[in-house]
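Undergrad: Provided below are the primary sequence and the corresponding predicted coordinates.
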Amino acid sequence: MGSQEWIALIIFLFTYATIISEKIHRTTIAMLGGLLMVAFGILDQKSAVHHIDFNTIGLLVGMMIIVGITSQTGVFEFIAVWAAQKVKGEPVRILIVLSFFTAVASAFLDNVTTVLLVVPVTLSITHQLKVHPIPFLMSEIFASNIGGTATMIGDPPNLMIGSAVKSLDFMTFINNLALINIIILVVTIFIFTLIYKKQLKSTKELKSHLLGKNAKQELKDYDLLAKCIFVIVLTLGGFFAHQLIHIETATIALIGAFILLLLTGDKYLVTVLEKVEWTTLFFFIGLFVIVGGLVETGLVAAVAKKAIALTGGEPKATTILILWMSAIISAFVDNIPFVATMIPMIKEMGKLGITNLDPLWWSLSLGACLGGNGTLIGASANLVVAGIASKEGYHITFLKYLKVGFPLMLLSIFISMIYIYVRYLL
């Protein structure tokens, strides 16, 4: 390794060690790490900006504005009361229902959009039942990443694989990935109900008070709600059609946000912009630049090539290695540059003699998407949920998340390995 590679690696390791220690706020250290990559010449300013994924940042800002204005209508409280009443106010059942809803929504929407819509509902329910929201939020993080793995449009790595391999269309992803992700989701939710069993309890009084409520009374502003529903439907329609209309999800979300601001006037402009999770956004920006430094110096590609060289191109060993390597790496660095590195490498393996590449593509997908559940910084949805929870006074720390998240992620990859071996490699 040259001096540039060493400097990039030291900055990366120092940043992550400080994030894990939690001595300094993760946003401050991520931004500092990103700026050091530029200061030491690993990246110039132009390429650093190029590595910031505007689609993620723009999507977050747009959806945060839409959700911020929508929250003024009381609709999240209405949904919370209505949903809780349907399952008799039982916290365990509420966790199960919200997790399944999050997974299904994440299969067809961006994970970040899903959690931005589900988390306010969750916080409203837990507040009314006086139960700790962390078990619900942890379950929803996992459900969003598992659900997103099931379809071609659910998670960016799948979209990248689908775009690069024309034979893998929308239905092919569902046929190959939906079943295994349903199994993983059921197992994961079951384990969450066991882990947090003691915390998922409320009193009879609080449950009966919730069941006695008139859900419609939670709605405060019907005129504003109509405008919000119109914009949300318009935005979600844009997400579904974005491949046909060739407009990125960030642009669609921002168009929706500013149409809603136009319809509601100046009344909400300042208050809603204040509610945007700026600390989360700047954390992402810093992280994108740090990972960009690793990509530019060739460290990500070098790790991938070294790992593939270990198997000598043997199909079974290579497939299993890609699954585990994708999961472990994606738990700590953004999976998008990793997948971008792996796609041409897997295509090259096809030229070198591996005739059936399908098991490799599904291993890459499952590893890269499910690996995001391993750490707090493994996926965008994780950080967004942590940011919202922190604003409400509930802190999901790196190490607390790691204790639950990493073993559960490893279990999901182990289940995936059995599935891939039985379905494709026997």
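TA: Structure's in. What do you need?
Undergrad: going forward, measure contacts and count neighbours with C-alpha atoms only.
TA: Fine.
Undergrad: now Asn111. Nearest residue, chain neighbours left out?
TA: Distances taken as CA to CA, 6 or more residues apart in numbering place Ser144 nearest to Asn111, at 5.5 Å, with adjacent residues excluded.
Undergrad: okay, that neighbour and Val119: tell me how far apart.
TA: In this structure, Ser144 and Val119 are 11 Å apart, going by CA to CA, to the nearest Å.
Undergrad: any regions of the stretch 251-400 of the chain where pLDDT drops low?
TA: Along the stretch 251-400 of the chain, the parts satisfying pLDDT under 70 run over 337, 352-353.
Undergrad: hmm, try it at 80
TA: Within the stretch 251-400 of the chain, the segments meeting pLDDT under 80 span 275, 300-309, 311-313, 333-338, 340-341, 344-345, 348-355.
Undergrad: run through the helices of the stretch 1-150 of the chain in chain order.
TA: 3-21, 26-39, 45-51, 54-70, 75-86, 91-108, 111-129, 134-149 (DSSP state H, counting those that start in this stretch).
Undergrad: make CSV out of those and add distance to Glu205.
TA: CSV is the format used below for those (distance: least, CA to CA, whole Å):
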stretch, distance to Glu205
helix 3-21, 40
helix 26-39, 40
helix 45-51, 53
helix 54-70, 30
helix 75-86, 14
helix 91-108, 14
helix 111-129, 9
helix 134-149, 21
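Undergrad: can you tell me which of those is most buried?
TA: When those are scored by mean count of other CA atoms under 10 Å, the highest mean neighbour count falls to helix 134-149 (a mean of 27).
Undergrad: other SSEs contacting that one?
TA: Judged by 3 or more CA pairs under 8 Å, 6 or more residues apart in numbering; DSSP states H and E, helix 134-149 is in contact with helix 91-108, helix 111-129, helix 170-195, helix 358-370, helix 380-391.
Undergrad: buried ones in the longest one?
TA: Using 16 or more other CA atoms under 10 Å as the test for burial, helix 170-195 gives 173-174, 176-178, 180-182, 184-185, 188-189, 192-193.
Undergrad: got a list of contacts for the helix or strand containing Pro344?
TA: Using DSSP states H and E, Pro344 maps to helix 335-351. For helix 335-351, the external contacting residues (CA atoms under 8 Å, 6 or more residues apart in numbering) are 156-157, 160-161, 164, 291-292, 295, 300-301, 304-305, 313, 326, 329-330, 356-357, 360-361, 364, 368-369, 372.
Undergrad: so of the residues you listed, which ones are in helices?
TA: In helices, judged by DSSP state H, the following of those are found: 156-157, 160-161, 164, 291-292, 295, 300-301, 304-305, 326, 329-330, 360-361, 364, 368-369.
Undergrad: against Lys207, how distant is the most centrally placed residue in the chain?
TA: Averaging the C-alpha coordinates of the chain gives a centre point, and the residue nearest to it by CA atoms, centre = their mean is Ala381 (3.1 Å). Taking CA to CA as the criterion, Ala381 is separated from Lys207 by 30 Å.
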